[in-house]
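# Structure for this input, please:
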Amino acid sequence: MMLNVVDDRPSRLLQCSELRFRVCSVRNLDVIGRHPAHGVVSPSRPSLIDNAHMHLDRVDRTDEPVGRAAELDLIESRLAGRVSVAVGGQAGVGKTHLARAVAARVHATGAPVEWITGATGRSRTPFGAVLRLLPLDDLPASDDFVARDAHMIRRAVAALSRDTSRLIVADDVHLFDDWSALLVQSLVLDGHVAVIMTLRSGESVPASLSVLWKDRLAERVDLLPLGTGEVVALASRLLGGAISESAGSWLAAESGGNPLLLAGLVADARDSDDLTLVEDEWQWSGCVGAGRRLQDVITERLRTAGEDDIGALGALAQAEPLRAGTLHELVPGWDLARGETRGLVTVTGRGVAAEVRLAHPLFGELALGLLTPDARGALPRRIADILATSGDHTEEARIVEARLRLESGDHTRPDLFATAAADAVRMGAAAFALELLDAIQAPATVDPALRIQALIHSGDYATATDAMFERLDHPDLSDSDRVAVFQGIVHTARMLD
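Modelled structure (predicted):
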């Protein structure tokens, strides 16, 4: 895989529409229900309970983070009372590490842990972080998309809340789409299970989540940089031995107490022999340089890692999680085991079906920035082509493939766009459905009823009404369909009033 290095950065953010914010509003308790009846997730889809331990192999391996004992104890005490917690902080400060340590403690008691992860690519996919948790096969037959969303959310919350000892970890919620955020908000407001959310300071967070700590419905804990003593302790752990006072002072000053930056500096210093082991003590022998940004250190490490690492991380940034087999087809020369050992990715499961994720979102964001525009632009379609032959015919797979093709400008699969649009309408993601329908190159092949439904659910009643009047002029419209169209016109007229 031939790559050229450039410095431009990708952009990504999905803004909550005014219509969706009505559903997301924390005040709208009737939508989620304070005491939902216990529901059953259909056996035709992987259940919430089936997936409850999917990340516990990662949790069990985690050492408790250095310098975070007070935060660990505080969060544990809050969770014991089923008070949800939002952990904030700058990139690399250790939010996910802290959440894993809390999850490990909870798991050690025998309680189940459900881990939901935000991803750069999936922030543009409706329900991208939580699709596997949704009961999409038993939605009520209703044209009221708010009622259908509420039914779907209630069932998911009820299934997750059966075991009140369960811990939900929503990692990197600043990368959640608005629909995924709504489910997490509903779990917090329901109050039967505890939720930990992690978020990067300075990033936009879906309004349905930020209102939780603003209105004190969840407790906000912000992680500060490590002190000098804590930096020395963490560096000693990373190096596997004691470090000299000069080495500790240099690392503390250079890292600013950021654990991820510290790890990069330690790796760089070892590679350059600026840190050397002398009589069982790591000593600093390099020159004192200007402080470096976390992004700069990671970018330098990625440049030296090689094109295959950059290609694999860039693909994960577009559509994580990906199966190991998919990544092998995309980047045949990439060594997955080496990537996991170096801390670039995390792997759940074994073989070609193993699920691969970025170990930190910054790795993917910066890897995308190192790809040329052509290489970066080709990734979505290449991933979509591989997903199309994977044999996965779930709603999640269709939505992801359709989103990738839409972003790459590949409009050659009108059948996929139409089916994924129907999926999106069922899930209340009408705006995304309209994007897919508008991209179909032969509009005459689009089911008029599907477009009308999407327009109604998006709140564009005027355009929906015009489309229905046009539909009435169709000579092949059956009497029953004509009656249905008239009923729709009456319904939208009431909404316009």
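
# Now do Gly89 against Glu245, distance only.
28 Å (CB to CB, to the nearest Å). Every C-beta, even on glycine, is put in place using the N, C-alpha and C of the backbone.

# Comparing those two, which residue is more hemmed in?
Comparing Gly89 with Glu245 by neighbour count (other CB atoms under 10 Å), the higher total belongs to Gly89, at 19 against 11.

# Next, find the distance separating the more buried one from Val221.
9 Å.

# cool, Glu203 as well?
On the measure of CB to CB, Glu203 and Val221 end up 17 Å apart.

# Also Arg426?
Note on Arg426: its distance to Val221, by CB to CB, is 37 Å.

# now swap in Leu370 and tell me
Using CB to CB, one obtains 33 Å as the distance from Leu370 to Val221.

# swap in Leu187?
Counting by CB to CB - Leu187 and Val221 are separated by 18 Å.

# Give me the more crowded residue out of these two.
Leu187 (25 against 20).

# which SSE is the more buried one in?
helix 178-190 (DSSP states H and E).

# Low-confidence ranges, this structure, go.
1-62, 121, 123-124, 135-149, 286-292, 443-444, 485-486, 491, 493, 495-497 (pLDDT under 70).

# Quick check, central residue of it?
Gly118 (1.6 Å; CA atoms, centre = their mean).

# Now the terminal residues of stretch 349-366, how far apart.
By CA to CA, to the nearest Å, the extent of stretch 349-366 from end to end equals 26 Å.

# Buried residues in it, which are they?
Across stretch 349-366, burial judged by 16 or more other CB atoms under 10 Å covers 354, 356-366.

# Among those, which lie within strands?
356-358 (DSSP state E).

# Which parts of the chain are strands?
85-89, 113-117, 167-171, 194-200, 219-222, 242-243, 275-278, 281-284, 322-323, 345-348, 355-358.

# Can you say which of those strands is packed in most?
strand 194-200 (a mean of 27; mean count of other CB atoms under 10 Å).

# Now do that strand against strand 167-171, angle only.
Computed by axes from the mean of the first three to the mean of the last three CA atoms, to 10 degrees, the angle separating strand 194-200 from strand 167-171 equals 10 degrees.

# contacts for strand 194-200?
With CB atoms under 8 Å, 6 or more residues apart in numbering as the test, strand 194-200 has contacts from 75, 78-79, 82-91, 95-96, 98-99, 102-103, 167-174, 184, 187-188, 205, 209, 218, 361.

# Report the strands that pair with that strand, each with its relative direction.
Take DSSP bridges as the rule and strand 194-200 pairs in its sheet with strand 85-89 (parallel), strand 167-171 (parallel).

# Distance to Arg471 added to those strands, as a markdown table?
Putting these into a markdown table (distance: least, CB to CB, whole Å) gives the following:
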| stretch | distance to Arg471 |
| --- | --- |
| strand 85-89 | 47 |
| strand 167-171 | 42 |
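
# Tell me the spacing between Ser285 and Glu300.
Taking CB to CB as the measure, Ser285 and Glu300 are separated by 20 Å.

# show me what contacts Asp280?
When contacts are counted by CB under 8 Å, 6+ apart, Asp280 is found next to 241-242.

# Distance check, it against Val352.
Taking CB to CB, one finds Asp280 at 44 Å from Val352.

# picking up where we left off before, Asn258 is nearest to which of the strands of the chain?
strand 85-89 (9.4 Å; CB to CB).

# tell me the angle the closest one makes with helix 178-190.
Going by the same axes, to 10 degrees, strand 85-89 makes 130 degrees with helix 178-190.

# Tell me the gap between strand 85-89 and the middle of its chain.
16 Å (CA atoms, centre = their mean, to the nearest Å).

# CA atoms of that strand as CSV?
Taking C-alpha atoms only, strand 85-89 is exported to CSV below (Å, rounded to 0.1, in the frame of the first residue of the first chain):
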residue,chain,number,x,y,z
VAL,A,85,-20.4,9.8,36.3
ALA,A,86,-18.9,11.8,33.4
VAL,A,87,-15.0,11.7,33.2
GLY,A,88,-13.5,14.6,31.3
GLY,A,89,-10.0,15.7,30.5
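
# Quick one: residues in contact with it.
Strand 85-89 has contacts (CB under 8 Å, 6+ apart) with 71, 75, 78-79, 95, 98-99, 173, 194-201, 209, 212-213, 218-224.

# Then stretch 257-274?
Against stretch 257-274 from outside (CB under 8 Å, 6+ apart): 65-66, 90-94, 97, 224-227, 230-231, 234-235, 238-239, 251, 254-255, 275, 284-286, 292, 294, 297-298, 300-301, 343, 360, 362.

# Please indicate which of the residues you listed are buried?
Among the contacts of stretch 257-274, the ones that count as buried by 16+ other CB under 10 Å are 65-66, 90-94, 97, 225-226, 230-231, 234-235, 238-239, 251, 254-255, 275, 284, 292, 294, 297-298, 301, 360, 362.

# Which members of those occur in helices, if any?
Applying DSSP state H to those, the entries found in helices are 97, 230-231, 234-235, 238-239, 251, 254-255, 294, 297-298, 301, 362.

# closest to Trp179 among those residues?
Nearest member of these to Trp179, counting by CB to CB, is Leu362, at 24.6 Å.

# Looks like the closest one contacts Val93 (just checking).
No: using CB atoms under 8 Å, Leu362 makes no contact with Val93, being 11.7 Å away.

# For the residue nearest to Leu434 when sequence neighbours are not counted, grab the count of nearby residues.
Leaving aside its chain neighbours, Leu434 sits nearest to Ala454 (5.0 Å; criterion: CB to CB, 6 or more residues apart in numbering). Neighbour count for Ala454, taken as other CB under 10 Å: 27.

# need the contact list for Leu358.
119, 313, 316-317, 320, 344-346, 364.

# Go through these and name the one nearest Asp163.
Thr346 (24.9 Å).

# was I right about that closest one contacting Ala354?
No: Thr346 is beyond contact range of Ala354, at 10.2 Å (criterion: CB under 8 Å).

# any chance of the strands of the chain in TSV, plus distance to Arg405?
Formatted as TSV, the strands of the chain follow (distance: least, CB to CB, whole Å):
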stretch	distance to Arg405
strand 85-89	35
strand 113-117	23
strand 167-171	27
strand 194-200	29
strand 219-222	39
strand 242-243	51
strand 275-278	47
strand 281-284	51
strand 322-323	16
strand 345-348	25
strand 355-358	22
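
# of all the ones you listed, which lies closest to His411?
strand 322-323 (23.2 Å).

# Report the separation between Leu366 and Ser272.
21 Å.

# Equivalent analysis for Arg323, please.
Distance from Arg323 to Ser272, by CB to CB: 36 Å.

# Check Ala484 too.
72 Å.

# Of those two, which one has the most company?
A count of neighbours by other CB under 10 Å puts Ala484 above the other of Ala484 and Ser272, at 15 against 10.

# where's that one relative to Ile452, distance?
Ala484 is 10 Å from Ile452, by CB to CB.

# cool, and Gly248?
Following CB to CB, the distance that separates Gly248 from Ile452 is 67 Å.

# can you check Ala170 too?
On the measure of CB to CB, Ala170 and Ile452 end up 35 Å apart.

# Val83: what's it in contact with?
Applying CB under 8 Å, 6+ apart, the residues near Val83 are 194, 218-219.

# what's the closest of these to Phe432?
Ala218 (27.8 Å).

# Count the residues that sit near that closest one.
24.

# what does Ile75 give?
By other CB under 10 Å, 23 other residues sit near Ile75.

# List the residues that contact it.
85, 87, 98, 102, 196, 221.

# I'd assumed Leu74 was in contact with the last one.
Yes: because the distance of 6.6 Å satisfies CB under 8 Å, Val221 is recorded as touching Leu74.
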